[in-house]
Every structure is written in C-alpha cells, then in structure tokens.
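pasting the sequence and the predicted model now:
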Protein chains: 2
Amino acid sequence: MTTTKERIVEATTALFMQQGYSASGLKQISEASTAPVGSLYHHFPGGKAELAAETLRRSGRAYGELVGAILDSEPDLVRAIDVAFTAAGETLRASGYADACPIATVALEVASSDEDLRVVCDEIFRGWLEMLTRRFEAGGVGRPAAADLATSFVACLEGGFLLSRVAQDTAPMAALGRSMVALVEAAVR
Amino acid sequence: MTTTKERIVEATTALFMQQGYSASGLKQISEASTAPVGSLYHHFPGGKAELAAETLRRSGRAYGELVGAILDSEPDLVRAIDVAFTAAGETLRASGYADACPIATVALEVASSDEDLRVVCDEIFRGWLEMLTRRFEAGGVGRPAAADLATSFVACLEGGFLLSRVAQDTAPMAALGRSMVALVEAAVR
C-alpha cells in the first residue's frame, strides 16, 4: 500500500530524473502524484525545498542500495562491474532513456546556487563512494586504489547516463562499462 | 569589443554552467548581460529556446576548442591527459566550483523533455567525441579503442565536474585524471 507521501516522493523522483529541480514545480508534482498541492504542504511544510531534500535523500539511498544489490548479485568483482553497466544501459533503453540517476541533474543545478541542497547531494555521493570503496576493498583492492575506483565507477555511470540519454543510444554506457572493467581488472591483477 | 549579442550569449553560458536551463529566465539573463529583454528578443526572435540553442552551440564549440588546445599543449598523450584534468580541477577551484562544463547540466535537463535542445546537445557531444577520438588515434591508439577512450574522457571529465562541484573539492577530478591516465597508458603500451 502506497501512502500519499510515498506517492509524492516517487513522482518527484521521476520528475527530477527526467527534467531536474527547477523545471519541476509543485503544480506538476501535484498532478503527477495525484495529490493536491495542499497535501504536498501538509506532508512537506517547508514546501519545495523540503520535498526536494527528502526526495533526494530517499532516492539516493534507494539508488545506492540498488547498485549495491546488482554488484552483490555477481561474486566476481570484474563481472559484477560488467553486469552493473549492462543493467544501467538496459534500464535506460527500456524507459526511453528517462530512467537514470535520480540525483545528478539536481546536483548540477544546485551545486552553485542552493547550499542546503548541495550539502544533501554531497552526503548522498559520499555514501555511494564509501559503499563502493568497501566493495572494491572486499574484492582485494587496496584502500587508495579502491577509493579511486569508486570515484571512477560513479563518474563513468553518471557520464554514461549523460551521453546515452543525449544520444538515445546505449553505446556510450557500454563503452564506459568496458573502461571500468579494464580499470578494475588492472587493480585486482 | 564585445557586441550585445556576445554579451547575452556569455551571460547565458555562465548561468547554464551554474544553474542550468530551467532556472535561467530571460529576466535574469537580461540582468546578467545588462541587455534589456527587448534586446534579447531582437537578437533571438525565437526567445529562450533560440537563445539556448545558440548558446549551447557556441559554448560547446568553444569548450571543445579549449580542451583540444590543452591536449595539444603537451606532445605526450599520457601527460596531456594529466594536464587536462589538472587544469579542469584548477579552473573549478579558482571559480568557487562554478566554472565547469557549459553543456552537461542543460543536457540532463532537456534529454527527455525538449527534443530540439536534446539534438543540439547530441551534436555537441558527437563533435567532442570525434575530436578526442582523432587525438587518441594520432597518439597511436586503434580506432575502436580510441573511441572508447574518447567516451571515457568525456565521462570522467563530466563526472569530475559533478563530484568536485558537489563536494567543493578537486580530489574527485584528480582521481579521475589518474584513472584516465591509466586507461590511456594501457592503450598506448
């Protein structure tokens, strides 16, 4: 059973993925979630800023867990990287190149213009980078190299979303999967 | 001597870098460029859509030329990669983490919501990827690997802008420079 608050957050997550923060007004969020604007303010008394922070935190946590679960589904670290990038490409194609990272567009919009939301995005990316660094360490990579690989994983995935969405083609994401596989292979060799 | 039209495009470029497309209204662009809104419509009769397309094309071309010039400044391909990522990090820090890619934020905002501007962004990224592929080929890398390296270069640079702007720290860009150097070293070895 989905609560109204969950419906609002889910609709906001989808709009943030597809068009970012500034384009997503409360009226559109209200329509997309079939929740009246008054209901939005009931659940998020701080208005759009509070709704955005909560949406970013929830979708950031969920997306990190999704990536972690995909990586855990394959015991071999190098194959796990390939599986993760292939899955990202397939999700993009199946969704008409709309279903991508729920944080990146908003993060770029707010990094220089909204300090509160920048800090929220910073905490989300730090959490992802720590989760990925631990996984690379568990796969036998030393600490400084594992942190570099985590940063490269996030950058290649985000760059893949950017280039594949704009080109409406999974080829860039596939190329970035090959590059990440090469980096991880070199690190665990 | 800067013309009014150039001033408008420069102000729009800076706003697109810092906050993206949707947040940048004609009123703010008018103020930032010290050009009346009527002057914006004189130079861009199609309004914000035409101004955005022209700004993306001009800043995309200029940014591609800048990256090409930085790479050309160092004859050794591996060292050139290091120079380019170090320069990107230094430019970020010197500008308070505002001076980044003029295309990426807008590209993510419009990829699923504005087909005309998506196509403009697609042409820009294709131009960059071709320019970079040619440089990797000139450095002795075969065609399929050179195209993958070009994709990885753009993704790592864009991912570096994202992570470094959000963290207000050049460390992610430096880590991505190390990864790109490793990828290029492996390809030219």
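Sure, I can see it. Computed from a predicted model, the values in this text were never measured in an experiment.

can you tell if stretch A:161-168 touches chain B?
Yes - counting by C-beta under 8 Å from any C-beta of the partner chain, contacts between stretch A:161-168 and chain B involve A:F161, A:L162, A:L163, A:R165, A:V166, A:A167, A:Q168. (C-beta placed from N, C-alpha, C; glycine too.)

ditto for stretch A:28-41
No - residues of stretch A:28-41 are not located near chain B by C-beta under 8 Å from any C-beta, the shortest gap being 11.1 Å.

quick one: low-confidence ranges for chain A?
Residue ranges of chain A with pLDDT under 70: A:1.

re earlier: chain B: which of the residues of stretch A:161-168 next to chain B is nearest?
A:R165 (4.0 Å; C-beta to the nearest C-beta).

ranges for the strands of chain A?
Using DSSP state E, no strands are found in chain A.

ok, and the closest non-adjacent residue to the residue nearest the centre of it?
Centrality entry for chain A: nearest residue to the mean C-alpha point is A:C101, 3.2 Å, by C-alpha atoms, centre = their mean. Distances taken as C-beta to C-beta, 6 or more residues apart in numbering or on different chains place A:F161 nearest to A:C101, at 5.3 Å, with adjacent residues excluded.

around the closest residue to A:R143 other than its chain neighbours, count how many other residues there are.
Spatial nearest neighbour of A:R143, excluding adjacent residues (C-beta to C-beta, 6+ apart): A:E137 at 6.5 Å. If you count neighbours by other C-beta atoms under 10 Å in any protein chain shown, A:E137 ends up with 16.

check A:T34 too.
A:T34 - counted by other C-beta under 10 Å - has 11 other residues nearby.

my guess is it meets A:R7, correct?
Yes - if you go by C-beta atoms under 8 Å, A:T34 and A:R7 touch, sitting 7.0 Å apart.

next up, the contacts around the residue nearest to the centre of chain A.
Contact partners of A:C101, counting by C-beta atoms under 8 Å, 6 or more residues apart in numbering or on different chains, are A:M17, A:Y63, A:L157, A:E158, A:F161.

list the ones among these that fall in helices.
A:M17, A:Y63, A:L157, A:E158, A:F161 (DSSP state H).

which two of those residues have the greatest separation?
Using C-beta to C-beta, the pair of the ones in helices among the contacts of A:C101 lying farthest apart is A:M17 and A:L157, separated by 13.8 Å.

which among the contacts of A:C101 gets closest to B:A49?
A:M17 (22.4 Å).

hmm, that closest one is touching A:I103, no?
No - at 9.0 Å, A:M17 does not count as touching A:I103 under the criterion of C-beta under 8 Å.

which other residues reach stretch A:66-76?
With C-beta under 8 Å, 6+ apart, stretch A:66-76 has contacts from A:A80, A:I81, A:V83, A:A84, A:A87, A:W128, A:M131, A:L132, A:R135, A:L157.

which parts of that stretch are buried?
A:V67, A:G68, A:I70, A:L71 (16 or more other C-beta atoms under 10 Å in any protein chain shown).

make CSV from those residues and add distance to A:P172 to it.
Conversion of those to CSV gives the following (distance: C-beta to C-beta, whole Å):
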residue, distance to A:P172
A:V67, 18
A:G68, 23
A:I70, 19
A:L71, 21
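
among the residues you listed, which are located in helices?
Members of the buried residues of stretch A:66-76 lying in helices (criterion: DSSP H): A:V67, A:G68, A:I70, A:L71.

identify the farthest-apart pair in those residues.
It's A:G68 and A:I70 that sit farthest apart of these, by C-beta to C-beta, at 7.4 Å.

please, where are all the helices along chain A?
Using DSSP H, helices in chain A cover A:4-19, A:26-33, A:37-43, A:47-72, A:77-94, A:104-110, A:115-138, A:143-167, A:171-188.

for the closest residue to A:S39 other than its chain neighbours, what are its contacts?
Nearest non-adjacent residue to A:S39, counting by C-beta to C-beta, 6+ apart: A:T4, 5.8 Å away. For A:T4, the contact set (C-beta under 8 Å, 6+ apart) comprises A:S33, A:A35, A:S39, A:H43.

Provide a list of residues in contact with the third one.
Going by C-beta under 8 Å, 6+ apart, A:S39 touches A:T4, A:I8, A:S30.

circling back: scan the contacts of stretch A:66-76 and report the most crowded one.
Highest neighbour count within the contacts of stretch A:66-76, by other C-beta under 10 Å: A:I81, with 27 neighbours.

ok, back up a step: ok, and of the contacts of stretch A:66-76, which contact chain B?
Answer for those near chain B (C-beta under 8 Å from any C-beta): A:L157.

make CSV out of the contacts of stretch A:66-76 and add distance to A:L56.
Below are the contacts of stretch A:66-76 laid out as CSV (distance: C-beta to C-beta, whole Å):
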residue, distance to A:L56
A:A80, 26
A:I81, 26
A:V83, 26
A:A84, 22
A:A87, 22
A:W128, 12
A:M131, 17
A:L132, 19
A:R135, 23
A:L157, 17
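
list just the nearest of the contacts of stretch A:66-76 to B:L183.
Of those, the one sitting nearest to B:L183 (C-beta to C-beta) turns out to be A:I81, at 14.0 Å.

am I right that that closest one is in contact with A:S179?
No - using C-beta under 8 Å, A:I81 is not in contact with A:S179; the gap is 9.9 Å.

pop out the phi and psi values for A:S113.
Main-chain dihedrals, A:S113, degrees, to the nearest 10: phi -130, psi -10.

many thanks, have a good one.
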